[in-house]
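Asks: What follows is a predicted structure for the sequence shown.
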Amino acid sequence: MTKKYVLALDEGTSSARAILFDKAGEIVSIGQREFRQIYPNPGWVEHDPLEIWNVQLSAAREALLQANVRPEEIAAIGIANQRETCVVWDIATGLPIHNALVWQDRRTAGVCDELKAQGLESYVRETTGLVIDAYFSGTKIAWILDNVEGARERAERGELAAGTIDSWLIWNLTEGRAHVTDYSNASRTMLYDIYKAQWDDRLLAAVRVPRAVLPQVRNSSEVYGMSAAKFFDGVEIPVASAVGDQQGALFGQSCFQPGMVKCTYGTGCSLLMNTGAKPMPSRNNLLTTVAWGLDGKLEYALEGLIFTCGSVVQWLRDELKLIHLSSETELAARQVPDTNGAYFVPAFTGLSAPYWDQYARGALLGITRGTNRNHIIRAALESMAFQVRDVIGCMEADSGIALSDLNVDGGAVSNNFVMQFQADLLGVPVMRPKVVDTTARGAAFLAGLATGFWADQADLANAFALDRKFTPTMARAEADKRYAGWSRAVQRSRDWEQH
Ligand SMILES: Nc1ncnc2c1ncn2[C@@H]1O[C@H](COP(=O)(O)OP(=O)(O)O)[C@@H](O)[C@H]1O
Ligand SMILES: O=P(O)(O)OC[C@H](O)CO
């Protein structure tokens, strides 16, 4: 039977999506399921790994059903995952020993302070390209081993497996036949030497993660195993890619050349600049990370990561109940010409790039008796764009490349107000593609390349089709004035949580 499609599993922070792509790189159908966000304590965020696996599988089946596609027609399955979120499970039963600790979870902030006190900061940066922060997986894996009775001993005996969500999904899809991850996901653990492409013994010892629990690190585009027959009507499908979702978006936007940048507005936001075959160290608190590994060769990226982006809108909806639907924010923001001097710093889980302040907390500043609902909604939306401007400034300084335009994607780019404000603030056009599910497209491309569905990257380089270009209209002086207010607001939110 001719293979007509690739199935991408996009396991994000808020939902699990499954998207079928055809040979032209166009979307054929989408299955999507949300899953529970679990907040056991302030600053703690968990997901139920079994729920993730179940919703991901049903999203995949839904995508097939919707388009009336038979499993035999699928060339490969690719995976793009929320990164850093980690699971520890029992090899014999395949059951998790604890909920997944999500990338947003701050419970290991104190451990990170200790690692800094041990003087490991420059070593971590020079080895992993990262800063020491609770965001990364390493200290989360150690926390689970230390807090589930008997787990550490069992881990040392090789009875447990740990991994990011890609590993967890591959393990389940292959029914335990593969315990693997890819270079891009490994590079988010704070345990992986991105220069030598191997787990780093000094960091494994310092963070206290036994090597035995870790997955084998493989190419981002490679067949890791076949999905078990029972999942797709008796048909086994090659599981052929794994990539961190942000890196997946870089690939899905066909940013294959050094200097190309994409910005994904999801729950969090991540800007990645392709820096080619050499890691580019940052002097401005950005991260150096693996973009992907192909045929044993690593390519790298510079990353500006923003913890809280689209989730401000979920917060307005679910906690403040200022809106019923995310899309209402656009209309509300347009009701007012500006925020009336208000700034919202969404440091719900501390501040990431370029501040890396674990103890910053959210702040609403500059409010007066005249501040209304629309001003607050507008300030929340503007915060996404201000944070992106923070990062772009650092990226330009590090790379010496001035941004000419910004390629965007992710769930929040449907908000035209945010996109226009972003263009105004940066003073460059914002380019929104027709396919904003670029994360999934990256995973599909990588899986399709591994199985010969697409011949090579050149086949994919022209896949970018523009939906809308947002051109800056705000005077530069006005944009700079508003940005200066943002910078002052950020300073007020810093080092708030007592520690
Ligand atoms: N119209 C909108 N305006 C602003 N934000 C939105 C809008 N629609 C969705 N979002 C935000 O986009 C995020 C979801 O984007 P998505 O790329 O699906 O995220 P993830 O991959 O993290 O699950 C949510 O945080 C949501 O609040
Ligand atoms: O789920 P997303 O798309 O917000 O992505 C989360 C990032 O991968 C976290 O590093």
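Replies: In hand now; what should we look at? Numbers count the residues shown, from 1 in each chain. Ligands and ions are numbered 1, 2, ... in the order given.

Asks: next helix or strand past the longest helix along the chain?
Replies: Ranked by residue count, the top helix of the chain under DSSP state H comes out as helix 373-399. Later in the chain than helix 373-399, the nearest helix or strand by DSSP states H and E is strand 406-409.

Asks: returning to what we had before: can you give me the buried ones in the longest helix of the chain?
Replies: If you call a residue buried by 16 or more other Cβ atoms under 10 Å, then helix 373-399 has these buried ones: 374-395, 398-399. From N, CA and C alone the C-beta is placed, and that goes for glycine too.

Asks: starting at the chain centroid, how far to that helix?
Replies: With Cα atoms, centre = their mean, to the nearest Å as the basis, helix 373-399 stands 17 Å off its chain's centre.

Asks: name the helices or strands packed onto that helix?
Replies: strand 261-265, strand 269-276, strand 297-306, helix 311-318, helix 328-334, strand 343-345, helix 416-426, helix 476-493 (3 or more Cβ pairs under 8 Å, 6 or more residues apart in numbering; DSSP states H and E).

Asks: Can you say which of the ones you listed is packed in most?
Replies: When the helices and strands packed on helix 373-399 are scored by mean count of other Cβ atoms under 10 Å, the highest mean neighbour count falls to strand 261-265 (a mean of 27).

Asks: Any idea what Asn407 is bridged to?
Replies: Under DSSP bridges, the beta-bridge partners of Asn407 are Lys262, Met431.

Asks: if we can go back for a sec, what's the closest of the helices and strands packed on helix 373-399 to ligand 1?
Replies: Closest to ligand 1 of those, according to Cβ to the nearest ligand atom: helix 311-318, at 3.6 Å.

Asks: Tell me which residues are up against the closest one.
Replies: Residues from elsewhere that reach helix 311-318 (Cβ atoms under 8 Å, 6 or more residues apart in numbering): 14, 267-268, 322-326, 329, 344, 346, 348, 376-377, 380-381, 383-384, 412.

Asks: Which ones, among these, also lie beside ligand 1?
Replies: Ser14, Thr267, Ser326, Thr329, Ala412 (Cβ under 6 Å from any ligand atom).

Asks: want to try TSV for those, with pLDDT and secondary structure as columns?
Replies: Output for these, formatted as TSV (pLDDT from 0 to 100; DSSP: H, G, I helix; E, B strand; the rest coil):
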residue	pLDDT	secondary structure
Ser14	88	coil
Thr267	86	coil
Ser326	96	coil
Thr329	98	helix
Ala412	94	helix
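
Asks: surely Arg482 meets Ala385?
Replies: No: here Arg482 lies out of contact with Ala385, judged by Cβ atoms under 8 Å, at a distance of 9.7 Å.

Asks: TSV for the ones next to ligand 1 among the contacts of helix 311-318, including distance to Gly31?
Replies: Shown next, in TSV, are those (distance: Cβ to Cβ, whole Å):
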residue	distance to Gly31
Ser14	15
Thr267	19
Ser326	20
Thr329	26
Ala412	21
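
Asks: picking up where we left off before, nearest to Leu50, out of the helices and strands packed on helix 373-399?
Replies: The closest of the helices and strands packed on helix 373-399 to Leu50 is helix 311-318. By Cβ to Cβ, the value is 23.2 Å.

Asks: now the angle from that closest one to strand 269-276?
Replies: 160 degrees (axes from the mean of the first three to the mean of the last three Cα atoms, to 10 degrees).

Asks: And the residue sitting furthest away from the middle of the chain, how far from ligand 2?
Replies: Distance from the centre of the chain peaks at Arg369, with 38.0 Å (Cα atoms, centre = their mean). Separation of Arg369 from ligand 2 (Cβ to the nearest ligand atom, to the nearest Å): 36 Å.

Asks: For Ile27, list each beta-bridge partner.
Replies: Phe21.

Asks: hang on, it packs against Asp10?
Replies: No: with contact defined as Cβ under 8 Å, Ile27 does not reach Asp10; the gap is 11.4 Å.

Asks: could the helices and strands packed on helix 373-399 go into TSV alongside distance to Thr438?
Replies: Shown next, in TSV, are the helices and strands packed on helix 373-399 (distance: least, Cβ to Cβ, whole Å):
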stretch	distance to Thr438
strand 261-265	7
strand 269-276	11
strand 297-306	14
helix 311-318	19
helix 328-334	21
strand 343-345	27
helix 416-426	15
helix 476-493	27
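
Asks: Could you point out which of the ones you listed sits nearest Leu203?
Replies: strand 297-306 (18.0 Å).

Asks: Residues of the stretch 251-400 of the chain that sit close to ligand 1?
Replies: By the rule Cβ under 6 Å from any ligand atom, the part of the stretch 251-400 of the chain lying against ligand 1 is Gly266, Thr267, Gly310, Ser311, Val313, Gln314, Ser326, Ser327, Thr329.

Asks: try it again with 8 Å
Replies: 264-268, 309-314, 317, 325-327, 329-330, 381, 384 (Cβ under 8 Å from any ligand atom).

Asks: for the stretch 1-150 of the chain, same thing?
Replies: Asp10, Gly12, Thr13, Ser14, Ser15, Arg17, Gln82.

Asks: try 6 Å this time
Replies: Counting by Cβ under 6 Å from any ligand atom, the stretch 1-150 of the chain sits next to ligand 1 at Gly12, Thr13, Ser14, Ser15.

Asks: And the first one, its phi and psi?
Replies: Right, the one you point to is Gly12. When read as degrees, to the nearest 10, the backbone of Gly12 gives phi -90, psi -180.

Asks: check contacts around the residue nearest to it when sequence neighbours are not counted.
Replies: Leaving out its chain neighbours, the residue that sits closest to Gly12 by Cβ to Cβ, 6 or more residues apart in numbering is Gln82, at 5.4 Å. By Cβ under 8 Å, 6+ apart, the contact set of Gln82 is Glu11, Gly12, Thr13, Val102, Trp103, Ile165, Asp245, Thr267.

Asks: among the helices and strands packed on helix 373-399, which is nearest Ile194?
Replies: Across the helices and strands packed on helix 373-399, Ile194 has its closest neighbour in strand 297-306 (7.2 Å, Cβ to Cβ).

Asks: what packs against the closest one?
Replies: For strand 297-306, the contact count by 3+ Cβ pairs under 8 Å, 6+ apart identifies helix 245-252, strand 269-276, strand 287-294, helix 373-399 as packing neighbours.
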